[in-house]
Each structure stands twice: as C-alpha cells, then as structure tokens.
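# Let's see this in three dimensions:
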Amino acid sequence: MSHVPRILVDLPLTEGSVCTLPADKAHHVATVLRLGRGASLRLFNGDGHECRAVITHAERRQVEIRVDAVTTPPVESPLELTLVQGIARGDRMDFAIAKAVELGVHTVQPAFTARGKVKLEGRRLEKKQAHWQRVAESAAEQSGRLAWPRVQPAANLADLLAAPATNAAVRLLLAPGAATRLRKLAPTSRITLFVGPESGFSAAELERAEAAGIRTLDLGPRILRTETAGMAALAAIQSHWGDLG
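Model (predicted):
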C-alpha cells in the first residue's frame with residue numbers, strides 16, 4: 001500500500017464535507033507532492049480526529065478535497081506536557097521542537113535565558129517564531145499526532161519562572177547534579193519541563209526556579225546536549241507515566 005500523506009489544516013472537517021485547502025497546503029499537495037484528482041489524503045485539524053479524504057480538483061494554487069470518513073485513532077498521550085526550551089542555536093532548536101512534538105508535547109515555550117547565545121528581536125524573531133511553528137506542525141504530521149502543537153511566543157525565562165503554574169502542572173527543571181530523580185516522583189498527568197540552552201541554566205536562574213517551587217531534576221551521570229536532554233526527559237516521563245513502553 002502506497003504512503004498516504006498526512007496534512008494539518010485549519011479547516012472544519014466532517015464526513016461528506018467538501019473543502020478548499022489553504023494556498024500553502026494546496027501548493028504542497030499539487031506542486032511538491034504532485035498529487036492530482038483522485039489521490040488520497042489524511043487530514044487533521046487538531047480536534048482529536050483524523051479524516052480520510054480524496055482530491056476532487058487540483059491545480060497549482062487550488063486544491064479541493066472531499067472528506068470520506070472520520071476516525072479517532074488512539075495516538076495522543078494521556079499526559080498534558082509543556083516544554084519550556086531555552087533557545088538554542090541553529091538546527092538544535094528545530095531538533096528539540098520536532099522531537100518534543102513526536103514525544104507528545106502539546107505546547108512548546110521558547111525561552112530567552114541568561115546563558116543563551118541566540119539574540120532575536122523584531123522581524124527576525126517573528127520569522128523564527130513562524131519557522132518553529134512550521135517545524136512543530138511538520139512533526140505532528142509525520143508522527144501521526146491528532147493535536148495541533150503550539151509554539152508560544154518567545155519569553156524571558158525570568159518572567160516564566162515568576163508566573164504561577166497553570167492547570168496544577170508539576171514543574172520540573174533539568175539540572176545536572178540535582179538531588180531528585182524521575183523515579184522518585186509521584187505519578188502526575190500535567191507536567192511543565194524546563195530545559196536550558198547549550199550552556200545550561202545560570203546559578204541565579206536555578207535559585208529563582210527553586211524559590212518558585214519548581215523541582216530540579218537530574219537525568220543521570222552523563223551530560224546531555226540541550227536538544228538531547230529534553231528528548232531523553234520526555235521519553236522517560238512518557239515511559240513512567242504516559243504511553244511509551
């Protein structure tokens with residue numbers, strides 16, 4: 001059986017409905033994938049369902065589809081996960097976001113940190129923000145997610161640490177050498193995970209986190225890169241309390 005592309009669209013999707021894909025999605029389907037009338041697609045819009053659809057009309061900038069069936073495969077994690085990721089350089093940030101989405105994160109919050117080397121503002125920040133959102137959406141399409149992962153506007157870590165926890169989430173911050181290990185924590189379903197940039201969190205940031213009631217967490221004896229640390233922690237969390245393993 002040939003591969004059927006999965007596409008995330010901001011459209012209402014119901015069985016029997018006929019829709020016109022947004023211009024960027026139409027370009028991807030007709031020009032990049034070179035799909036035409038009669039080709040199959042799998043669509044989702046973040047409402048928890050997936051739709052089997054067929055292309056009824058295809059041009060370079062206009063693609064119409066018909067939804068033939070709506071299903072609800074059990075692919076979403078029972079955990080509500082948020083990743084606060086210290087902004088890293090180049091592809092490391094893209095990698096961290098993509099793998100977090102693959103591992104079930106609902107929300108990614110980029111954070112400017114004291115030791116972060118990336119300086120973004122104005123139009124450059126806007127473009128980077130849009131790029132990160134596309135990375136998250138592509139990862140959701142590839143990994144079979146039904147939720148629409150959101151990348152929040154980048155914020156200063158100090159402000160995020162000072163903000164109260166939302167939805168009664170347990171807040172964990174990765175800090176090599178911390179006394180707490182994941183296996184010592186009680187099971188929980190709402191987690192916010194803080195991961196530092198390439199050089200880690202500063203001493204002042206660690207003090208602010210502990211003062212805010214955020215638990216510092218040690219993953220083990222090896223020092224992990226920023227893009228690896230979040231992935232390893234999320235995989236361990238999903239294995240302990242979620243749906244991995």
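# okay, CA-based contacts and neighbour counts for the rest of this
OK.
# Hmm, Thr192 is touching Ala168, no?
No - counting by C-alpha atoms under 8 Å, Thr192 stays clear of Ala168, with 9.9 Å between them.
# who has more neighbours, those two?
Thr192 (23 against 12; other C-alpha atoms under 10 Å).
# what helices or strands is the strand or helix carrying that one leaning on?
Per DSSP states H and E, Thr192 falls inside strand 190-195. Secondary-structure packing of strand 190-195 (3 or more C-alpha pairs under 8 Å, 6 or more residues apart in numbering; DSSP states H and E): strand 80-86, strand 170-174, helix 226-241.
# May I have the beta-bridge partners of Asn156?
Phe112 (DSSP bridges).
# neighbours around it, how many?
Residues contacting Asn156 under the criterion other C-alpha under 10 Å number 13.
# so can I have a markdown table of the helices and strands packed on strand 190-195 showing distance to Ala162?
Putting the helices and strands packed on strand 190-195 into a markdown table (distance: least, C-alpha to C-alpha, whole Å) gives the following:
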| stretch | distance to Ala162 |
| --- | --- |
| strand 80-86 | 14 |
| strand 170-174 | 12 |
| helix 226-241 | 21 |
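# on that earlier part again, can you point out the buried residues in whichever helix or strand comes after the strand holding Thr192?
Per DSSP H and E, strand 190-195 leads on to helix 203-211 as the next helix or strand towards the C-terminus. By neighbour count with 16 or more other C-alpha atoms under 10 Å, helix 203-211 contains the buried residues Glu205, Leu206, Arg208, Ala209.
# And for stretch 228-242?
Going by neighbour count (16+ other C-alpha under 10 Å), the buried part of stretch 228-242 is Ala229, Gly230, Met231, Ala232, Ala233, Leu234, Ala235, Ala236, Ile237, Gln238, His240, Gly242.
# Show me what the strand or helix carrying Ala69 is packed against.
Element membership of Ala69, judged by DSSP H and E, is strand 63-71. Packing contacts for strand 63-71, counted by 3+ C-alpha pairs under 8 Å, 6+ apart, involve strand 18-20, strand 50-58.
# Tell me which residues are up against the first one.
The reference is to strand 18-20. Residues from elsewhere that reach strand 18-20 (C-alpha atoms under 8 Å, 6 or more residues apart in numbering): Leu11, Gln62, Val63, Glu64, Ile65, Arg66, Val67.
# Need the worst-confidence member of the residues you listed.
Lowest-confidence member of these: Gln62, scoring 92 (pLDDT).
# Apart from its chain neighbours, what residue comes closest to that residue?
Ala26 (5.6 Å; C-alpha to C-alpha, 6 or more residues apart in numbering).
# if we can go back for a sec, would you turn the buried residues of stretch 228-242 into a markdown table with distance to Val54 and pLDDT?
Formatted as a markdown table, these follow (distance: C-alpha to C-alpha, whole Å; pLDDT from 0 to 100):
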| residue | distance to Val54 | pLDDT |
| --- | --- | --- |
| Ala229 | 41 | 96 |
| Gly230 | 38 | 95 |
| Met231 | 35 | 96 |
| Ala232 | 38 | 96 |
| Ala233 | 39 | 96 |
| Leu234 | 36 | 97 |
| Ala235 | 35 | 97 |
| Ala236 | 39 | 96 |
| Ile237 | 38 | 96 |
| Gln238 | 35 | 97 |
| His240 | 40 | 94 |
| Gly242 | 34 | 95 |
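# that older thread, buried by neighbour count, from the contacts of strand 18-20: which ones?
Looks like those have Gln62, Val63, Glu64, Ile65, Arg66, Val67 buried, using 16+ other C-alpha under 10 Å.
# which pair in those residues spans the largest distance?
Maximum pairwise distance among the buried ones among the contacts of strand 18-20 (C-alpha to C-alpha): 16.5 Å, between Gln62 and Val67.
# Next, format the helices and strands packed on strand 63-71 as JSON lines and append mean pLDDT, mean neighbour count and distance to Phe44.
Formatted as JSON lines, the helices and strands packed on strand 63-71 follow (pLDDT from 0 to 100; neighbours: other C-alpha atoms under 10 Å; distance: least, C-alpha to C-alpha, whole Å):
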{"stretch": "strand 18-20", "mean pLDDT": "95", "mean neighbour count": "18", "distance to Phe44": "13"}
{"stretch": "strand 50-58", "mean pLDDT": "96", "mean neighbour count": "21", "distance to Phe44": "5"}
